[in-house]
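>>> Okay, here's the prediction I keep looking at, along with the sequence it came from:
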Amino acid sequence: MIANRGYDAYAKNRILTATPAELTLMLYEGAIKFCNIAIVGIEENDIEKAHNNIQKVENIVGEFLATLDHKYEVSKDFENVYNYLMDSLVEANFKKDKEILEEVLGHLRTMRDTWKEIMQQGKLAKAN
């Protein structure tokens, strides 16, 4: 129990001290984690586990949609991708379709990896 409190304090502090870029990365990581758990839920025929975790992914994608900065032209492209992911998640949850979730997972991983590269390039640019 005490170990959990220590981890909870660490996790809360990590979030409170994170940059916006790091928070975005954490959200991508969370979406990937919950998508993986949902896939396992479907494989185990645990409908509640699948449903709850798909909803968590939906909430994260919804947050990405809500926080898009539309002053940038590329935001429309992101909006289209996030809407596609959201539609796919709703369909996957309705059908409990593992293949749809695996496609969503692939997109989330690509977006996370691209975000990591952008973060790294930003650090390199600041170092120079």
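On my side now, so go ahead.
>>> mind checking the SS state of the residue nearest to Ser75 when sequence neighbours are not counted?
Residue nearest to Ser75 in three dimensions, not counting chain neighbours: Leu68, with 4.7 Å by Cβ to Cβ, 6 or more residues apart in numbering. For every residue, glycine as well, the C-beta is placed using N, CA and C. Secondary structure assignment for Leu68 (DSSP: H, G, I helix; E, B strand; the rest coil): coil.
>>> Could you number the chain from 721 rather than 1 from now on?
Done: numbering now begins at 721, and the last item shifts to Leu788.
>>> what about Leu788, how many neighbours?
14 (other Cβ atoms under 10 Å).
>>> Repeat that for Phe798.
If you count neighbours by other Cβ under 10 Å, Phe798 ends up with 16.
>>> can you pull the buried residues of the lengthiest helix in the chain?
Ranked by residue count, the top helix of the chain under DSSP state H comes out as helix 818-847. By neighbour count, with 16 or more other Cβ atoms under 10 Å as the criterion, the buried positions of helix 818-847 are Lys818, Ile820, Leu821, Val824, Leu825, His827, Leu828, Met831, Arg832, Trp835.
>>> got a list of what the fourth one touches?
Contacts for Val824 (Cβ atoms under 8 Å, 6 or more residues apart in numbering) come out as Cys755, Val777, Leu805, Ser808, Leu809, Ala812.
>>> what's the spacing between the first one and Thr739?
In other words, Cys755. Applying Cβ to Cβ, to the nearest Å, the value for Cys755 to Thr739 is 24 Å.
>>> between those two, who's got more neighbours?
It is Cys755, of Cys755 and Thr739, that has more neighbours when counted by other Cβ under 10 Å, with 26 against 10.
>>> The more buried one and His827 touch, don't they?
No - Cys755 is not in contact with His827 according to Cβ atoms under 8 Å; the separation is 9.8 Å.
>>> roughly how far is the helix or strand in which Lys753 is found from the heart of the chain?
Lys753 belongs to helix 740-763 when assigned by DSSP states H and E. In terms of Cα atoms, centre = their mean, to the nearest Å, the centre of helix 740-763 is found 5 Å from the chain centre.
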